[in-house]
Each structure stands twice: as C-alpha cells, then as structure tokens.
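Novice: Sequence first, predicted coordinates after that:
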Number of protein chains: 2
Amino acid sequence: MAKKENQNIADSTEQKIFDAAHEVFVQKGMDGAKMQEIADRAGINKALLHYYYRSKDKLYEAVARAVIGRAAPMISQLIESDKPLEEKIRHFIEIYISIISKNPFIPLFIISEINKHPDHFFEKILPAELPKPQIFIRQVEEEIAAGRIRPVNPKHLVINIVSMCVFPFIAKPMARFALGLNSAELKIFLEERKVQVTEFVLASLRP
Amino acid sequence: MAKKENQNIADSTEQKIFDAAHEVFVQKGMDGAKMQEIADRAGINKALLHYYYRSKDKLYEAVARAVIGRAAPMISQLIESDKPLEEKIRHFIEIYISIISKNPFIPLFIISEINKHPDHFFEKILPAELPKPQIFIRQVEEEIAAGRIRPVNPKHLVINIVSMCVFPFIAKPMARFALGLNSAELKIFLEERKVQVTEFVLASLRP
DNA sequence: GTCTATAAAGGGATAGAC
DNA sequence: GTCTATCCCTTTATAGAC
C-alpha cells in the first residue's frame, strides 16, 4: 500500500472524471452540463469519458446517486437521534448550515433536478432510505402534550426549520442584492444564521 | 376598438409565441427549453419564432425580463406600505403564498437561472427597482426600541419569513416524499402554511 | 406573415491507431 | 488506457416560395 496504490484510487483517471463531472453537473444540471466541459476540467478528452462511463446519462446517474447517497444519511442521523428536543433542534440547525456552507450547490442541484426529471430521480437515484422525520414529529407531539412547548403543527415546524436553513443558500445572489451585502458580508450573515435561526425557532416554541 | 383590435393584441401570433415560451422556459430553464417545443405549444413553426424574436437568447431575455418585472413590484408594494408591523407581516405571508401557489414555477426559475447565468441576469434582466426591505427593517427596529417585540436581527427576520413562504414550493416533491403526502394533501398543507407561518413568526416576536 | 426546406452549429457517441 | 478523427443526431437559424 505504497504511494502507487493510493494514487491509483485517488488520482485515477476515473476519479478525475468523476470529480470533474460532479462539479459541472452540480452547478449546471443535466441539461446545462456539456461533456466537453467535463473532459476539459478533468484534463482529458471526450472519448475517455465514454470509455469509463458509457454515456452522459450513466455519468450523471453516478454523480447524482453519490450526491444523494452522501446527503441522506447525514440528515437521517441528525433527525433520528434520541436527544431532547431543544438540543436536537440546536444541533440540527448548527450542523445543517455547516454542511450546506461547505456544499453550497448541492441543495439547488437536488431540487432543480427533481423538478425537471422527477420520474428519473425517484426511480433511479433516490435510495430507499431518505430521511423521514416521523421520530422528530412524535417527539414534538410529546413535548406539546407535556406542556413544555407551545402547541404547533409538527410537520410545519419541520418544514419551517429546513426552509430557514436551506433557502438563504440557494437564493444567495438575491439575498446579497436585497440586503445590500458584499461577498464577505454575506458569508458572515450566513454564519450568523446558526444562532439567529436557533433563537427564532426556540422563541416561537416557548409556551 | 372592436373585436378585431383586441384580438390583434391578445391573440396575436407574437403573444401566442411569448406565452408558449413563458411556459416552457419557466418550467425547463434556458438550457432545457427547446425551440421546437415552444413552436408546437404556440401552434406555429420554428421559423416564425425567429421572425418575431431573432434568436433563442432574445426570446429568453424577453420572458425572463417579464417574469422579474412582474414579480418585483408586487413584492415592493407589500414591503413598502406603511401598515403596522403585525398587520404587514400577516398580509405579506398571506399574499406571498397566494401568488406563489398560482405561479409555482416562478421562484425556482428565477433562482436557477440567476445561479446558472448570474452575469447575464444582473446585467440584462434585473430592473433597477428590485424590492428593498429597508423600510420594513427600520419598522422592526422601531418596534424593538419601543419594547413591543422581542429583539431580533431584522435582516434575519426578513430572510426567515421569505424562506418559509418560498422554500416549501420549490421543494414540493421532497416535501411530499418526506412527509408522506399525496398530491391533494400537499395542496392542503401548503394552503395551511398561511396560518402556520404567520403564527410561528408572531409567536417568536412576542417580547 | 406564414410556411417548407435546408443550411449551420453543437454536442453525444464511436472507430481505430498508438 | 489514451488519443485523434469522425460520425450522426439534435437543435438553432436562415433562405426562399407563397
């Protein structure tokens, strides 16, 4: 397991193609991505793309599946733990915004592609185990019954939290424009949201 | 101003083309849209598209500019009125969700296209007068100073409200899947959000 | 103004040499 | 495995008849 073997895995042509395809597909979507651009970015030519992945469809499928396959378990883990509700909410918002900060194109990629090619996505790409918020919802109901939080519809609460975490990242350019922020200020603003969203949610839940 | 003249405006070939292009571009984006499909949907042939609009780019630009030009003033009007804060928030959420319900593809269209072609959008499409939330922000600060609402960062409040209104619509398929709703149930759920989001926000603002 | 036919460009895929 | 050259289908755009 010397350098040679590691290199075969990490810097292999197949991996370079996959990484390049990942970048391009995630930023431009299936329709906007061009095989030529992927080849250029990988530093090889179009023919090699077809050598490793038979077609554009296959390459796209590999990328899309990897994106979903990476995102889904992280979210499941967050939601399905057995921590107390407040801690879970704090933790969820913190981690969720951190992940998106590091992968800012992923949410829009998933949403756009599901909207444009829903059948393809739900049949071929989505793994069986997309995170389900049932446990979280039951937990909210228990807290309400015990009078520890204000009565709210738990499904709407879930959507509210996810909306506030995700939307600002996919609407970044508009947010910059509307709030009059430069690039650095926007970065700070998005980081602040960890605290701001958490406080906003917990304040709304107080009985 | 008999039928003939009205028809020249509303049912003119140019208008039919524009309407068809609007549908297709908004649903599929610049890259996904095909001139053939637009021609078919307008009930004419491809050559006529080029007769009225010189190129696909030009046609897209016309559509995009119209979409933005229609959306921006509605939002400005909502934000810049001089109603009391609580009433403004209630009104904003109500109207905003209603508009999006009727035009479910518009938000994702705007967001996707800005992300894919940011230069193009900010140079050519965006009108000078995109809604600015300054008035709303000042209003929030006054309410905080008077002790009538809990201290919150007003910029984050704006983003929170918009996020909760818009995001569920652009993430519809995922919401359906995650919450286990069928098409009819989702429609009810989204309608419920007018009340749910309003309550959620106002509860969070109580001192 | 509207059509048919066709040119021209773009982009995915393959053949075959090395 | 990797490259060059090329094929061929799709899609945009134009020419020219009516």
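Specialist: All right, it came through fine.
Novice: what about the helix or strand residue A:70 falls within, near DNA strand D?
Specialist: Taking DSSP states H and E as the criterion, residue A:70 maps to helix A:56-80. No. Figure legend: helix A:56-80 not in contact with DNA strand D (C-beta under 7 Å from any atom of the strand); closest approach 12.3 Å. In this view, the C-beta of every residue, glycine as well, is placed from N, C-alpha and C.
Novice: Give me the next element, helix or strand, following that helix.
Specialist: Assigned by DSSP H and E, the successor of helix A:56-80 is helix A:85-102.
Novice: ok, stretch A:71-79 near chain B or not?
Specialist: No. Using C-beta under 8 Å from any C-beta of the partner chain, stretch A:71-79 never reaches chain B; the gap is at least 9.6 Å.
Novice: Same question for that stretch: list its buried residues.
Specialist: By neighbour count on 16 or more other C-beta atoms under 10 Å in any protein chain shown, the buried set for stretch A:71-79 is A:71, A:72, A:75, A:76, A:78, A:79.
Novice: what's the neighbour count on residue A:123?
Specialist: 9 (other C-beta atoms under 10 Å in any protein chain shown).
Novice: My error: substitute residue A:12 in the last question.
Specialist: 12.
Novice: Show residues contacting the helix or strand that residue A:28 is a member of.
Specialist: Assigning secondary structure by DSSP H and E places residue A:28 in helix A:13-32. Applying C-beta atoms under 8 Å, 6 or more residues apart in numbering or on different chains, the contact partners of helix A:13-32 are A:9, A:33-34, A:37-39, A:41-44, A:48-49, A:52-53, A:59-60, A:62-64, A:66-67, A:105-106, A:109, A:112-113, A:116-117, B:28-29, B:31-32, B:112, B:115-116.
Novice: again, 6 Å this time
Specialist: With contact meaning C-beta atoms under 6 Å, 6 or more residues apart in numbering or on different chains, helix A:13-32 is reached by A:33, A:37-38, A:41-42, A:52, A:59-60, A:63, A:105, A:109, A:112, B:31-32, B:116.
Novice: Could you do stretch A:160-174 as well?
Specialist: By C-beta under 6 Å, 6+ apart, the residues outside stretch A:160-174 that reach it are A:96-97, A:100, A:104, A:107-108, A:175, A:197, B:111, B:114, B:118, B:159-160, B:163-164, B:167, B:200.
Novice: taking those one by one, which sit in strands?
Specialist: Among the contacts of stretch A:160-174, no member falls in strands (DSSP state E).
Novice: of the residues you listed, buried ones?
Specialist: Counted by 16+ other C-beta under 10 Å, these give A:96-97, A:100, A:107-108, A:175, A:197, B:111, B:114, B:159-160, B:163-164, B:167, B:200 as buried.
Novice: quick revisit: can you spell out which helices and strands pack onto the next helix or strand after the helix holding residue A:28?
Specialist: Remark: after helix A:13-32, the chain's next helix or strand is helix A:35-42, criterion DSSP H and E. Here helix A:35-42 touches helix A:13-32, helix A:46-52, going by 3 or more C-beta pairs under 6 Å, 6 or more residues apart in numbering or on different chains; DSSP states H and E.
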